[in-house]
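Trainee: Provide a 3D model corresponding to the input given below.
(one chain, ligands or ions: 1)
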Amino acid sequence: MFKYLEEEKRLEKARKIFLHAKKNSKFYEEKYKNIDEIENYKDWVKVPFLTRTELFNNSYPKTRSMLTYPIKKMLITSTGGSSGIARYGVMTYQEYEEFVNVQAKAMKLLGIKEDDIVANLFVAGNLWPTFFSVADVLKKIGAVHLPISSNINVDQIIKYILEFKPNVLLSLPTVLIFLADKFLSENLDGNFIKFLGYAGEHLSKSAQEYLKKAFKNAKTFALAYSSADCGLMGYQCNKCKSNEYHVPTDFQFVEIYDFEREKICGKGETGEVIVTNLARFSQPIIRYRIGDLAQWKDFPCSCGDKNPVFILKGRAGADFKIGGEYISMQRVERALSTFVSRDGISANYQLSIEDVGEEREKLKITLTVESSTPDISSKWREKIAENLMKEIEPIKVGVEMDYVYLNVEFVKLGSLERSPITGKIKNLKDKRAGV
Ligand SMILES: [Zn+2]
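Mentor: Model prediction:
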(Lines give C-alpha, C1' and ligand atoms only; values in the text may rest on other atoms or scores of the structure.)
Protein backbone atom coordinates (compact mmCIF):
# COMPACT_ATOMS: atom_id res chain seq x y z
CA MET A 1 0.00 0.00 0.00
CA PHE A 2 2.97 2.27 0.59
CA LYS A 3 4.76 3.19 -2.59
CA TYR A 4 8.38 2.11 -2.89
CA LEU A 5 10.92 4.54 -4.32
CA GLU A 6 14.36 3.44 -5.48
CA GLU A 7 17.19 5.32 -3.79
CA GLU A 8 17.87 7.33 -6.92
CA LYS A 9 14.28 8.61 -7.01
CA ARG A 10 14.37 9.40 -3.29
CA LEU A 11 17.49 11.46 -3.81
CA GLU A 12 15.85 13.27 -6.70
CA LYS A 13 12.94 14.28 -4.46
CA ALA A 14 15.26 15.27 -1.61
CA ARG A 15 17.29 17.37 -4.02
CA LYS A 16 14.14 19.20 -5.11
CA ILE A 17 13.38 20.09 -1.48
CA PHE A 18 16.99 21.13 -0.96
CA LEU A 19 16.96 23.50 -3.96
CA HIS A 20 13.59 24.93 -2.98
CA ALA A 21 14.80 25.55 0.58
CA LYS A 22 18.07 27.14 -0.50
CA LYS A 23 16.31 29.43 -2.93
CA ASN A 24 13.35 30.49 -0.80
CA SER A 25 14.37 30.46 2.85
CA LYS A 26 16.88 32.80 4.46
CA PHE A 27 17.92 30.16 6.97
CA TYR A 28 18.76 27.51 4.38
CA GLU A 29 20.29 30.03 2.00
CA GLU A 30 22.84 30.84 4.69
CA LYS A 31 23.25 27.25 5.87
CA TYR A 32 23.90 25.89 2.39
CA LYS A 33 25.92 28.76 0.99
CA ASN A 34 28.93 26.53 0.41
CA ILE A 35 27.05 23.76 -1.34
CA ASP A 36 26.48 24.28 -5.01
CA GLU A 37 24.97 21.30 -6.67
CA ILE A 38 23.77 17.89 -5.66
CA GLU A 39 24.07 15.31 -8.34
CA ASN A 40 24.61 12.10 -6.49
CA TYR A 41 24.62 10.62 -3.03
CA LYS A 42 28.24 11.61 -2.51
CA ASP A 43 27.20 15.27 -2.83
CA TRP A 44 24.18 14.71 -0.65
CA VAL A 45 26.18 13.51 2.36
CA LYS A 46 27.90 16.91 2.43
CA VAL A 47 24.59 18.62 3.25
CA PRO A 48 24.96 19.64 6.92
CA PHE A 49 22.60 18.17 9.50
CA LEU A 50 19.73 20.16 10.94
CA THR A 51 19.70 20.22 14.74
CA ARG A 52 16.90 20.63 17.23
CA THR A 53 18.39 23.89 18.48
CA GLU A 54 18.41 25.28 14.95
CA LEU A 55 14.77 24.36 14.55
CA PHE A 56 13.96 25.93 17.90
CA ASN A 57 15.81 29.17 17.16
CA ASN A 58 14.58 29.63 13.62
CA SER A 59 10.96 28.66 13.71
CA TYR A 60 7.89 30.82 13.41
CA PRO A 61 6.82 33.12 15.13
CA LYS A 62 10.32 33.99 16.39
CA THR A 63 11.46 34.45 12.81
CA ARG A 64 10.22 33.53 9.36
CA SER A 65 13.68 32.56 8.21
CA MET A 66 12.87 28.88 7.67
CA LEU A 67 9.63 29.52 5.84
CA THR A 68 9.40 29.48 2.09
CA TYR A 69 5.75 30.58 1.81
CA PRO A 70 3.76 33.39 3.40
CA ILE A 71 1.74 32.47 6.51
CA LYS A 72 -1.53 31.55 4.83
CA LYS A 73 -3.69 28.40 4.69
CA MET A 74 -1.41 26.89 7.29
CA LEU A 75 -1.43 24.88 10.47
CA ILE A 76 0.90 25.67 13.38
CA THR A 77 1.95 22.81 15.66
CA SER A 78 4.33 22.15 18.52
CA THR A 79 6.44 19.10 19.31
CA GLY A 80 5.36 19.26 22.94
CA GLY A 81 8.80 19.51 24.42
CA SER A 82 9.08 15.91 25.56
CA SER A 83 12.54 15.74 24.05
CA GLY A 84 13.92 19.01 25.33
CA ILE A 85 12.50 22.29 24.21
CA ALA A 86 9.25 22.50 22.29
CA ARG A 87 9.69 23.36 18.65
CA TYR A 88 7.00 25.00 16.59
CA GLY A 89 6.37 24.02 13.04
CA VAL A 90 4.16 25.20 10.23
CA MET A 91 2.75 23.34 7.27
CA THR A 92 0.18 24.13 4.62
CA TYR A 93 -3.21 22.44 4.76
CA GLN A 94 -2.25 20.54 1.65
CA GLU A 95 0.89 19.24 3.32
CA TYR A 96 -1.11 18.35 6.43
CA GLU A 97 -3.51 16.38 4.23
CA GLU A 98 -0.57 14.33 2.97
CA PHE A 99 0.65 13.77 6.56
CA VAL A 100 -2.84 12.47 7.44
CA ASN A 101 -2.94 10.24 4.33
CA VAL A 102 0.23 8.38 5.24
CA GLN A 103 -0.82 8.03 8.88
CA ALA A 104 -4.16 6.58 7.76
CA LYS A 105 -2.41 4.07 5.52
CA ALA A 106 -0.22 3.00 8.44
CA MET A 107 -3.20 2.61 10.76
CA LYS A 108 -5.14 0.57 8.18
CA LEU A 109 -2.17 -1.76 7.84
CA LEU A 110 -2.34 -2.35 11.59
CA GLY A 111 -5.90 -3.52 11.15
CA ILE A 112 -8.02 -0.54 12.21
CA LYS A 113 -11.21 -0.76 10.15
CA GLU A 114 -14.52 0.93 9.54
CA ASP A 115 -16.43 -1.04 12.16
CA ASP A 116 -13.96 -0.33 14.97
CA ILE A 117 -14.93 1.99 17.80
CA VAL A 118 -11.82 3.93 18.67
CA ALA A 119 -11.21 5.91 21.86
CA ASN A 120 -8.80 8.77 21.18
CA LEU A 121 -7.02 9.25 24.52
CA PHE A 122 -4.26 11.64 23.50
CA VAL A 123 -3.86 15.02 25.16
CA ALA A 124 -5.58 17.84 23.30
CA GLY A 125 -4.48 21.45 23.10
CA ASN A 126 -1.18 23.33 23.39
CA LEU A 127 -0.63 23.10 19.61
CA TRP A 128 0.16 19.41 19.97
CA PRO A 129 -1.13 17.79 16.76
CA THR A 130 -1.66 14.17 17.84
CA PHE A 131 -5.21 14.46 19.21
CA PHE A 132 -6.72 16.26 16.25
CA SER A 133 -4.72 14.38 13.62
CA VAL A 134 -6.00 11.08 15.05
CA ALA A 135 -9.47 12.55 14.47
CA ASP A 136 -8.65 13.22 10.81
CA VAL A 137 -6.99 9.83 10.36
CA LEU A 138 -9.99 7.97 11.80
CA LYS A 139 -12.33 9.98 9.59
CA LYS A 140 -10.28 8.94 6.56
CA ILE A 141 -10.47 5.27 7.59
CA GLY A 142 -14.16 5.60 8.42
CA ALA A 143 -13.82 4.15 11.93
CA VAL A 144 -16.05 5.33 14.77
CA HIS A 145 -14.28 8.06 16.73
CA LEU A 146 -14.67 8.73 20.46
CA PRO A 147 -12.72 11.97 21.09
CA ILE A 148 -12.35 11.50 24.84
CA SER A 149 -8.80 12.91 25.26
CA SER A 150 -6.74 12.28 28.37
CA ASN A 151 -6.74 15.79 29.76
CA ILE A 152 -9.95 15.18 31.64
CA ASN A 153 -10.54 13.45 34.96
CA VAL A 154 -9.53 9.75 34.81
CA ASP A 155 -12.85 8.62 36.30
CA GLN A 156 -14.61 10.42 33.50
CA ILE A 157 -12.37 8.68 30.94
CA ILE A 158 -13.23 5.31 32.46
CA LYS A 159 -16.94 6.20 32.52
CA TYR A 160 -16.88 6.87 28.76
CA ILE A 161 -14.93 3.68 28.11
CA LEU A 162 -17.37 1.55 30.09
CA GLU A 163 -20.33 3.32 28.54
CA PHE A 164 -19.32 3.10 24.85
CA LYS A 165 -17.14 -0.02 25.07
CA PRO A 166 -14.61 0.98 22.39
CA ASN A 167 -12.63 -2.02 21.09
CA VAL A 168 -9.60 0.17 20.36
CA LEU A 169 -7.81 2.55 22.75
CA LEU A 170 -5.18 4.91 21.36
CA SER A 171 -2.86 6.82 23.67
CA LEU A 172 0.57 7.26 25.20
CA PRO A 173 2.10 4.37 27.17
CA THR A 174 1.95 6.56 30.31
CA VAL A 175 -1.82 6.88 29.96
CA LEU A 176 -2.45 3.25 28.98
CA ILE A 177 -0.48 2.08 32.02
CA PHE A 178 -2.42 4.49 34.22
CA LEU A 179 -5.70 3.08 32.88
CA ALA A 180 -4.45 -0.47 33.44
CA ASP A 181 -3.61 0.52 37.04
CA LYS A 182 -7.16 1.78 37.49
CA PHE A 183 -8.87 -1.21 35.84
CA LEU A 184 -6.84 -3.60 38.01
CA SER A 185 -7.23 -1.76 41.30
CA GLU A 186 -10.97 -1.27 40.79
CA ASN A 187 -11.49 -4.73 39.36
CA LEU A 188 -13.12 -3.45 36.16
CA ASP A 189 -13.78 -5.63 33.14
CA GLY A 190 -11.78 -4.45 30.13
CA ASN A 191 -12.19 -7.61 28.08
CA PHE A 192 -14.06 -5.84 25.27
CA ILE A 193 -10.84 -4.02 24.34
CA LYS A 194 -9.08 -5.73 21.43
CA PHE A 195 -6.36 -3.25 20.47
CA LEU A 196 -4.17 -0.90 22.47
CA GLY A 197 -2.33 1.42 20.13
CA TYR A 198 0.39 3.65 21.51
CA ALA A 199 2.55 6.45 20.17
CA GLY A 200 4.88 9.12 21.43
CA GLU A 201 6.97 6.96 23.75
CA HIS A 202 8.59 3.59 23.92
CA LEU A 203 6.65 0.79 25.61
CA SER A 204 8.83 -1.73 27.39
CA LYS A 205 8.18 -5.45 27.27
CA SER A 206 7.32 -5.58 30.96
CA ALA A 207 4.87 -2.70 30.53
CA GLN A 208 3.28 -4.60 27.64
CA GLU A 209 2.82 -7.65 29.84
CA TYR A 210 1.34 -5.43 32.52
CA LEU A 211 -1.25 -4.04 30.09
CA LYS A 212 -2.18 -7.61 29.21
CA LYS A 213 -3.12 -8.22 32.85
CA ALA A 214 -5.73 -5.48 32.79
CA PHE A 215 -6.87 -5.93 29.18
CA LYS A 216 -6.71 -9.69 28.61
CA ASN A 217 -7.91 -9.76 25.02
CA ALA A 218 -5.98 -6.75 23.81
CA LYS A 219 -3.14 -6.82 21.34
CA THR A 220 -0.66 -4.00 21.92
CA PHE A 221 0.95 -2.23 18.99
CA ALA A 222 2.93 0.89 18.16
CA LEU A 223 0.76 3.13 16.01
CA ALA A 224 3.64 4.41 13.95
CA TYR A 225 7.02 5.96 14.30
CA SER A 226 6.31 9.62 13.81
CA SER A 227 6.97 13.07 15.21
CA ALA A 228 5.35 16.46 15.06
CA ASP A 229 8.49 17.74 13.30
CA CYS A 230 8.52 15.22 10.49
CA GLY A 231 5.28 13.25 10.39
CA LEU A 232 5.32 9.50 9.77
CA MET A 233 8.84 8.06 9.56
CA GLY A 234 8.03 4.37 9.96
CA TYR A 235 5.04 2.01 9.71
CA GLN A 236 4.58 -1.60 10.68
CA CYS A 237 3.40 -4.59 8.67
CA ASN A 238 2.21 -7.78 10.35
CA LYS A 239 5.73 -9.25 10.14
CA CYS A 240 7.38 -6.34 11.97
CA LYS A 241 8.46 -6.90 15.56
CA SER A 242 7.46 -4.23 18.07
CA ASN A 243 10.50 -2.04 17.39
CA GLU A 244 10.73 -2.60 13.62
CA TYR A 245 9.42 -0.19 11.01
CA HIS A 246 9.26 0.09 7.23
CA VAL A 247 10.32 3.46 5.83
CA PRO A 248 7.67 5.17 3.67
CA THR A 249 10.27 5.91 0.99
CA ASP A 250 7.93 8.05 -1.10
CA PHE A 251 7.32 10.39 1.84
CA GLN A 252 10.48 10.35 3.89
CA PHE A 253 14.16 10.02 3.10
CA VAL A 254 15.70 8.25 6.10
CA GLU A 255 19.42 7.81 6.70
CA ILE A 256 21.19 6.31 9.70
CA TYR A 257 24.40 8.05 10.72
CA ASP A 258 27.14 7.17 13.19
CA PHE A 259 28.24 10.47 14.76
CA GLU A 260 31.16 8.94 16.62
CA ARG A 261 32.72 7.47 13.53
CA GLU A 262 31.28 10.16 11.24
CA LYS A 263 29.89 7.82 8.68
CA ILE A 264 26.65 6.58 7.16
CA CYS A 265 25.71 3.27 8.78
CA GLY A 266 25.59 0.11 6.77
CA LYS A 267 23.31 -2.80 7.58
CA GLY A 268 23.64 -3.99 11.16
CA GLU A 269 25.34 -0.80 12.40
CA THR A 270 23.64 1.42 14.97
CA GLY A 271 23.46 5.17 14.47
CA GLU A 272 21.16 8.16 14.69
CA VAL A 273 18.08 8.53 12.52
CA ILE A 274 18.38 11.40 10.03
CA VAL A 275 15.21 12.50 8.29
CA THR A 276 14.40 14.51 5.21
CA ASN A 277 10.71 14.98 4.67
CA LEU A 278 9.89 14.72 0.98
CA ALA A 279 6.45 16.34 1.15
CA ARG A 280 7.01 19.52 3.11
CA PHE A 281 8.05 22.60 1.17
CA SER A 282 6.63 25.33 3.44
CA GLN A 283 9.14 24.69 6.24
CA PRO A 284 11.59 22.20 4.81
CA ILE A 285 13.04 19.57 7.13
CA ILE A 286 16.32 18.43 5.64
CA ARG A 287 18.73 15.92 7.19
CA TYR A 288 17.19 16.48 10.59
CA ARG A 289 18.74 14.79 13.60
CA ILE A 290 15.60 13.51 15.26
CA GLY A 291 17.40 12.07 18.28
CA ASP A 292 16.59 8.34 17.97
CA LEU A 293 18.94 5.43 17.47
CA ALA A 294 18.29 2.79 14.84
CA GLN A 295 19.81 0.05 12.73
CA TRP A 296 18.93 -1.20 9.22
CA LYS A 297 17.69 -4.77 9.05
CA ASP A 298 19.95 -6.75 6.82
CA PHE A 299 17.35 -8.70 4.89
CA PRO A 300 14.12 -7.69 3.13
CA CYS A 301 10.87 -8.07 5.05
CA SER A 302 9.03 -11.34 4.46
CA CYS A 303 5.76 -9.45 3.92
CA GLY A 304 6.93 -8.61 0.39
CA ASP A 305 7.00 -4.83 0.88
CA LYS A 306 10.26 -3.54 -0.61
CA ASN A 307 10.41 -0.47 1.62
CA PRO A 308 13.45 -1.04 3.87
CA VAL A 309 13.03 -1.92 7.54
CA PHE A 310 14.92 -0.41 10.45
CA ILE A 311 15.06 -1.47 14.08
CA LEU A 312 14.49 1.37 16.53
CA LYS A 313 17.07 1.22 19.33
CA GLY A 314 15.74 3.89 21.68
CA ARG A 315 16.53 7.53 22.20
CA ALA A 316 19.97 8.89 21.70
CA GLY A 317 21.12 10.20 25.06
CA ALA A 318 18.44 8.35 27.08
CA ASP A 319 21.26 7.11 29.28
CA PHE A 320 22.79 8.44 32.45
CA LYS A 321 26.35 8.34 33.57
CA ILE A 322 27.62 6.96 36.87
CA GLY A 323 31.26 6.37 37.68
CA GLY A 324 32.23 6.99 34.08
CA GLU A 325 29.85 4.34 32.76
CA TYR A 326 26.81 4.98 30.59
CA ILE A 327 23.75 3.22 31.94
CA SER A 328 20.77 2.58 29.73
CA MET A 329 17.31 3.19 31.19
CA GLN A 330 16.39 -0.29 30.00
CA ARG A 331 18.41 -1.67 32.90
CA VAL A 332 16.35 0.36 35.38
CA GLU A 333 13.20 -0.95 33.74
CA ARG A 334 14.49 -4.50 33.94
CA ALA A 335 15.29 -4.14 37.64
CA LEU A 336 11.76 -2.91 38.34
CA SER A 337 9.92 -5.23 35.97
CA THR A 338 9.66 -8.30 38.23
CA PHE A 339 7.83 -6.23 40.84
CA VAL A 340 5.34 -4.53 38.53
CA SER A 341 1.70 -5.41 39.42
CA ARG A 342 2.65 -6.93 42.81
CA ASP A 343 0.69 -5.20 45.56
CA GLY A 344 -0.51 -2.42 43.30
CA ILE A 345 2.90 -1.49 41.83
CA SER A 346 2.53 0.30 38.49
CA ALA A 347 4.88 0.31 35.49
CA ASN A 348 4.96 4.13 35.57
CA TYR A 349 8.13 5.35 37.26
CA GLN A 350 10.73 8.09 37.41
CA LEU A 351 14.41 7.86 38.26
CA SER A 352 15.87 11.09 39.57
CA ILE A 353 19.55 11.77 40.15
CA GLU A 354 20.90 14.78 42.03
CA ASP A 355 24.09 16.05 43.61
CA VAL A 356 23.95 16.21 47.41
CA GLY A 357 26.36 16.77 50.31
CA GLU A 358 28.24 19.86 51.40
CA GLU A 359 30.49 19.87 48.38
CA ARG A 360 27.80 18.30 46.24
CA GLU A 361 30.16 15.37 46.14
CA LYS A 362 27.56 12.67 46.68
CA LEU A 363 24.77 11.35 44.57
CA LYS A 364 21.16 10.82 45.53
CA ILE A 365 19.35 8.38 43.28
CA THR A 366 15.62 8.01 43.80
CA LEU A 367 13.35 5.61 41.99
CA THR A 368 9.77 6.80 42.42
CA VAL A 369 7.08 4.35 41.35
CA GLU A 370 3.34 4.85 41.19
CA SER A 371 1.11 2.43 43.05
CA SER A 372 -2.59 1.98 43.79
CA THR A 373 -1.57 1.14 47.38
CA PRO A 374 1.73 2.93 48.16
CA ASP A 375 1.75 1.82 51.80
CA ILE A 376 1.46 -1.86 50.98
CA SER A 377 3.90 -1.62 48.04
CA SER A 378 6.48 -0.13 50.41
CA LYS A 379 7.42 -3.58 51.65
CA TRP A 380 9.20 -4.13 48.30
CA ARG A 381 11.43 -1.07 48.64
CA GLU A 382 14.52 -2.94 49.74
CA LYS A 383 14.08 -5.78 47.29
CA ILE A 384 13.78 -3.33 44.39
CA ALA A 385 16.84 -1.41 45.59
CA GLU A 386 18.75 -4.71 45.77
CA ASN A 387 17.67 -5.56 42.24
CA LEU A 388 18.78 -2.15 41.00
CA MET A 389 22.21 -2.70 42.53
CA LYS A 390 22.40 -6.18 41.04
CA GLU A 391 21.47 -4.88 37.61
CA ILE A 392 23.65 -1.74 37.72
CA GLU A 393 27.10 -2.39 39.17
CA PRO A 394 28.21 1.28 39.48
CA ILE A 395 25.21 1.96 41.75
CA LYS A 396 26.16 -1.00 43.93
CA VAL A 397 29.77 0.18 44.16
CA GLY A 398 28.58 3.73 44.88
CA VAL A 399 26.32 2.54 47.72
CA GLU A 400 29.08 0.40 49.22
CA MET A 401 31.50 3.33 49.11
CA ASP A 402 28.91 5.61 50.67
CA TYR A 403 28.99 7.82 47.62
CA VAL A 404 25.50 6.98 46.37
CA TYR A 405 22.29 7.21 48.43
CA LEU A 406 19.73 4.96 46.83
CA ASN A 407 16.05 5.36 47.57
CA VAL A 408 12.93 3.63 46.35
CA GLU A 409 9.64 5.42 46.94
CA PHE A 410 6.00 4.82 46.13
CA VAL A 411 3.46 7.49 45.31
CA LYS A 412 -0.24 7.35 44.47
CA LEU A 413 -1.38 6.57 40.91
CA GLY A 414 -1.27 9.64 38.70
CA SER A 415 0.93 11.69 41.02
CA LEU A 416 4.25 11.60 39.13
CA GLU A 417 4.70 14.82 37.23
CA ARG A 418 3.38 14.69 33.65
CA SER A 419 4.16 17.05 30.81
CA PRO A 420 1.18 19.42 30.73
CA ILE A 421 1.32 19.34 26.94
CA THR A 422 1.74 15.69 26.02
CA GLY A 423 0.94 13.91 29.29
CA LYS A 424 4.19 11.94 29.27
CA ILE A 425 6.12 11.07 32.40
CA LYS A 426 9.81 11.81 32.20
CA ASN A 427 11.41 8.48 33.18
CA LEU A 428 14.81 10.03 33.78
CA LYS A 429 15.30 13.28 35.64
CA ASP A 430 18.99 14.00 35.87
CA LYS A 431 19.30 17.13 38.03
CA ARG A 432 23.08 17.11 38.30
CA ALA A 433 25.00 20.21 37.32
CA GLY A 434 26.30 20.04 33.80
CA VAL A 435 23.96 17.25 32.73
ZN1 LIG B 1 6.98 -5.99 6.24
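
Trainee: okay, CA-based contacts and neighbour counts for the rest of this
Mentor: Fine.

Trainee: Now the most far-flung residue of the chain relative to its centre: phi and psi?
Mentor: For the chain, the residue at maximal distance from the C-alpha centroid (C-alpha atoms, centre = their mean) is E358, at 38.1 Å. Dihedral pair for E358: phi -60, psi -40, per degrees, to the nearest 10.

Trainee: any idea how far the ion is from it?
Mentor: Using C-alpha to the ion, to the nearest Å, E358 is found at 56 Å from the ion.

Trainee: Going along the chain, name the helices of the protein.
Mentor: 7-24, 26-31, 41-44, 52-58, 93-109, 130-141, 154-164, 173-185, 205-214, 329-337, 374-377, 381-391, 393-400 (DSSP state H).

Trainee: can you tell which of those helices is closest to L75?
Mentor: helix 93-109 (6.5 Å; C-alpha to C-alpha).

Trainee: And the closest one, what's buried?
Mentor: Neighbour-count burial for helix 93-109, with 16 or more other C-alpha atoms under 10 Å as criterion, is recorded at 95-96, 98-109.

Trainee: Now pLDDT and distance to the ion too, for the residues you listed, in TSV please.
Mentor: Formatted as TSV, the buried residues of helix 93-109 follow (pLDDT from 0 to 100; distance: C-alpha to the ion, whole Å):
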residue	pLDDT	distance to the ion
E95	96	26
Y96	96	26
E98	95	22
F99	95	21
V100	96	21
N101	96	19
V102	95	16
Q103	95	16
A104	96	17
K105	95	14
A106	94	12
M107	95	14
K108	95	14
L109	93	10
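
Trainee: Identify, from these, the entry nearest to G234.
Mentor: Checking the buried residues of helix 93-109 one by one against G234 (C-alpha to C-alpha), the nearest turns out to be A106, at 8.5 Å.

Trainee: thinking that closest one is in contact with A224, fair?
Mentor: Yes: counting by C-alpha atoms under 8 Å, A106 does reach A224; the two are 6.9 Å apart.

Trainee: anything in contact with each of those two?
Mentor: Applying C-alpha atoms under 8 Å, 6 or more residues apart in numbering, one finds that A106 and A224 are jointly contacted by Y235, Q236.

Trainee: Would you mind listing the outside residues contacting stretch 370-377?
Mentor: Here stretch 370-377 has contacts from 181-182, 185, 342-349, 410-416, using C-alpha under 8 Å, 6+ apart.

Trainee: try 7 Å this time
Mentor: D181, S185, D343, G344, I345, S346, N348, Y349, F410, V411, K412, L413 (C-alpha atoms under 7 Å, 6 or more residues apart in numbering).

Trainee: cool, stretch 319-326 as well?
Mentor: In contact with stretch 319-326 (C-alpha under 7 Å, 6+ apart) are residues I327, S328, M329, P394.

Trainee: Ends of that stretch, what's the gap?
Mentor: 6 Å (C-alpha to C-alpha, to the nearest Å).

Trainee: how about the residues of this structure near the ion?
Mentor: With the criterion set to C-alpha under 5 Å from the ion, the chain comes near the ion through C237, C301, C303.

Trainee: Name the member of the residues you listed with the most neighbours.
Mentor: Within the residues of the chain next to the ion, most neighbours by other C-alpha atoms under 10 Å means C237, with 20 neighbours.

Trainee: Leaving out the residues flanking it, which one is nearest to that residue?
Mentor: L109 (6.3 Å; C-alpha to C-alpha, 6 or more residues apart in numbering).

Trainee: give me the low-pLDDT residue ranges for the stretch 201-350 of the chain?
Mentor: 316-318 (pLDDT under 70).

Trainee: Any idea how many residues pack against S419?
Mentor: 13.

Trainee: Please apply the same query to S415.
Mentor: By other C-alpha under 10 Å, the residues close to S415 number 11.
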